[in-house]
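[1] The following block contains a protein sequence and its predicted model.
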Amino acid sequence: MLSFHPRTLLGALLALSLQAQQPPQQTEVVLSATSSAKLVLGMSSPKLAGLDPALVTTEFTGVLKRDLDESGVMALLQERVPADGAPLKAWKEAGAQWLLAVKLAKQAQGDLQMEATSLDTGAEKTVFTRTYNANRIVPLRHLAHYLADDLVARLTGEKGVASSRIIFVKQLSPGVKEIFQMDRDGAGLVQLTRHGSLTLAPTVASDGRLAYVTYKGGLPEIWGQRRKDGPQERIFPTTSAGAGGMVSSPVWSPDGKRMAFVQGDRRGNSDILVLDLASGRIRRLTDGNGINTEPSWNPNGTQIAFTSDREGGPQVYLMQDDGSNLRRLTGEGLYNASPAWSPNGAMVAYVSRFEGKFDLFIYKLGEGKAYQITTGVSTSESPSWAPDERHLVFTSNRFGSSQLFTSDLSGRQILRMADLAGCQSPRWIRGR
């Protein structure tokens, strides 16, 4: 999980084992990003033209139901569903607050068209209407994702994440790891790198540019895209900079113009540096003995959260993007690491270790308090925020091998994304 030098990490672990193991004192409460009450959406059977009803049921209606259920703010009506053609009053009495009508048509050339309209059953007025046109290669399930995201946006003012994606590392064989992506619902698995070596620590810029660490040349290098839709090329070390030590943990700044990363030395120390992509200039933000690693930018690019063992065991610290105003964030627990700044900047997710297992916590900056999300039944690591800030993606070994899971902020809705073993370092990004 951390980019610690093996000898330094071993020393840290031995030191921790000699200390009295006291439980972390973080407060365990329920966090909620939204109201616990979901809007109930009724949906009549889609009107179809040129499409197989069975396919629509599984690849559209079923997907839409799951997307809305997992949104945290909306759900499809499942009980006492009125018959198609029933009056609006019947849907209201059955508990539906909105009624959705969908028309799906396959055009002569194979393209798809979807018309969606939603009525408020109480006010008896239209609250949503939109037409979607997609070419023949777009799966039906993607139309369901788009519709779910737009319905959530109509309700909350912020687009949902059904059409978002997860970028992550997966082990293919001993010594070989590559970067993959998949849709939010676990479908659409695509391999993004094929270096045949260790390829780690993916990071995605706001415009979709990918960067990562690869060992394909022997020593670790940062590779990625310097421009949108450009080729993957070496970003660091540059020819002029030279190798200069082990590199790890790259992360794009929010504007995509800079990249924070970690560089280690032969003594087992590591520091956080920032590379300006346009000029090639590099600025060192930390400078001292010990390990400084796992940088994470705040949304406006003015601060960085990171992990450091400067006071003994690993803890989460904050600093300005020039290295000034250093302060410690986590105050309880012997081992806190892997910070991830939330999209609106109000929270930092991280992991805390107790009795050999890691759990997810969220630190609310405005309150100065930490809240526990997972509860020690297994190890949970590498948190990354959903773009709408209502969920986290992380890895867990609760089914044996390390797999991808999501959780709402209460920790009550933990779902496995897909049955994929050997996964690490997930990053949740906006999709299409």
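    On my side now, so go ahead. Since we're looking at a predicted model, the values are computed, not measured.
[2] Can I get the host helix or strand of V102 in CSV, CA atoms only?
    Element membership of V102 [criterion: DSSP states H and E] is strand 98-106. Taking C-alpha atoms only, strand 98-106 is exported to CSV below (Å, rounded to 0.1, in the frame of the first residue of the first chain):
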residue,chain,number,x,y,z
TRP,A,98,-42.1,10.4,-9.9
LEU,A,99,-43.4,8.3,-12.9
LEU,A,100,-40.9,7.5,-15.6
ALA,A,101,-42.0,6.6,-19.2
VAL,A,102,-39.3,5.5,-21.7
LYS,A,103,-39.5,4.8,-25.4
LEU,A,104,-36.6,2.8,-27.0
ALA,A,105,-36.3,2.5,-30.7
LYS,A,106,-33.7,0.8,-33.0
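[3] packing partners for it?
    With contacts taken as 3 or more Cβ pairs under 8 Å, 6 or more residues apart in numbering; DSSP states H and E, strand 98-106 sits against strand 39-43, strand 47-49, strand 112-120, helix 140-156. In this view, the C-beta of every residue, glycine as well, is placed from N, C-alpha and C.
[4] Name the stretch among those that sits most buried.
    helix 140-156 (a mean of 23; mean count of other Cβ atoms under 10 Å).
[5] after that one, next one along is what?
    Counting by DSSP H and E, what follows helix 140-156 is strand 165-173.
[6] what's that following strand in contact with?
    Residues outside strand 165-173 that contact it (Cβ atoms under 8 Å, 6 or more residues apart in numbering): 177-184, 192, 199-202, 204, 210, 393, 404, 417, 420-431.
[7] can I get the helices and strands packed on strand 98-106 in CSV with mean pLDDT?
    Listed next are the helices and strands packed on strand 98-106 as CSV, based on pLDDT from 0 to 100:
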stretch, mean pLDDT
strand 39-43, 97
strand 47-49, 97
strand 112-120, 97
helix 140-156, 96
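[8] quick one: which of the ones you listed is nearest P82?
    Ranking those by proximity to P82 (Cβ to Cβ) places strand 39-43 first, at 7.5 Å.
[9] rewinding a little: redo the helices and strands packed on strand 98-106 as JSON lines? Include distance to A83.
    Shown next, in JSON lines, are those (distance: least, Cβ to Cβ, whole Å):
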{"stretch": "strand 39-43", "distance to A83": "12"}
{"stretch": "strand 47-49", "distance to A83": "15"}
{"stretch": "strand 112-120", "distance to A83": "17"}
{"stretch": "helix 140-156", "distance to A83": "23"}
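[10] Of those, which is nearest R328?
    Of all those, it is helix 140-156 that lies closest to R328, at 34.6 Å by Cβ to Cβ.
[11] The closest one to strand 39-43, inter-axis angle?
    140 degrees (axes from the mean of the first three to the mean of the last three Cα atoms, to 10 degrees).
[12] So which elements touch helix 140-156?
    helix 62-71, strand 74-76, strand 98-106, strand 112-120, strand 125-134.
[13] let's see it at 6 Å
    For helix 140-156, the elements it packs on are helix 62-71, judged by 3 or more Cβ pairs under 6 Å, 6 or more residues apart in numbering; DSSP states H and E.
[14] So what touches the helix it packs on?
    Residues from elsewhere that reach helix 62-71 (Cβ atoms under 6 Å, 6 or more residues apart in numbering): 74-76, 141, 144, 148, 152, 160, 162.
[15] which one of those residues is nearest D120?
    M74 (13.4 Å).
[16] count of residues packed around the closest one?
    Close neighbours of M74, defined as other Cβ atoms under 10 Å, add up to 23.
[17] show me what contacts the residue sitting furthest away from the middle of the chain?
    Ranked by distance from the centre of the chain (Cα atoms, centre = their mean), the top residue is P87, with 41.5 Å. With contact set as Cβ under 6 Å, 6+ apart, P87 has no partners.
[18] how close does it sit to T121?
    P87 is 10 Å from T121, where distance means Cβ to Cβ, to the nearest Å.
[19] likewise L200?
    Where T121 is concerned, L200 sits at a distance of 51 Å (Cβ to Cβ).
[20] swap in T214?
    Per Cβ to Cβ, T214 is found 54 Å from T121.
[21] What of A260?
    A260 is 50 Å from T121, by Cβ to Cβ.
[22] so what's T238 closest to, chain neighbours aside?
    Spatial nearest neighbour of T238, excluding adjacent residues (Cβ to Cβ, 6 or more residues apart in numbering): G280 at 5.9 Å.
[23] What of S425?
    Here the residue nearest S425, using Cβ to Cβ, 6+ apart, is V169, at 4.7 Å.
[24] circling back to that earlier point, quick one: closest of the helices and strands packed on strand 98-106 to G256.
    Taking the helices and strands packed on strand 98-106 one by one with Cβ to Cβ, helix 140-156 is closest: 23.1 Å.
[25] Give me the contacts around the closest one.
    39, 59-60, 63-64, 67-68, 71, 73, 114, 116, 128, 132, 159-160, 162-163.
[26] Check stretch 423-432 too.
    Contacts for stretch 423-432 (Cβ under 6 Å, 6+ apart): 163-170, 201-202, 204, 382, 384, 386-387, 393, 395, 402-404.
[27] In contact with Q315, which residues are there?
    328, 330, 336 are the contacts of Q315 under Cβ under 6 Å, 6+ apart.
[28] can you redo the residues you listed as CSV with neighbour count, distance to G268 and secondary structure?
    Output for the contacts of Q315, formatted as CSV (neighbours: other Cβ atoms under 10 Å; distance: Cβ to Cβ, whole Å; DSSP: H, G, I helix; E, B strand; the rest coil):
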residue, neighbour count, distance to G268, secondary structure
R328, 13, 22, strand
T330, 22, 23, coil
N336, 27, 20, strand
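[29] pretty sure L104 is touching E115, no?
    No - the criterion here is Cβ atoms under 6 Å, and L104 misses it with E115 at 8.2 Å.
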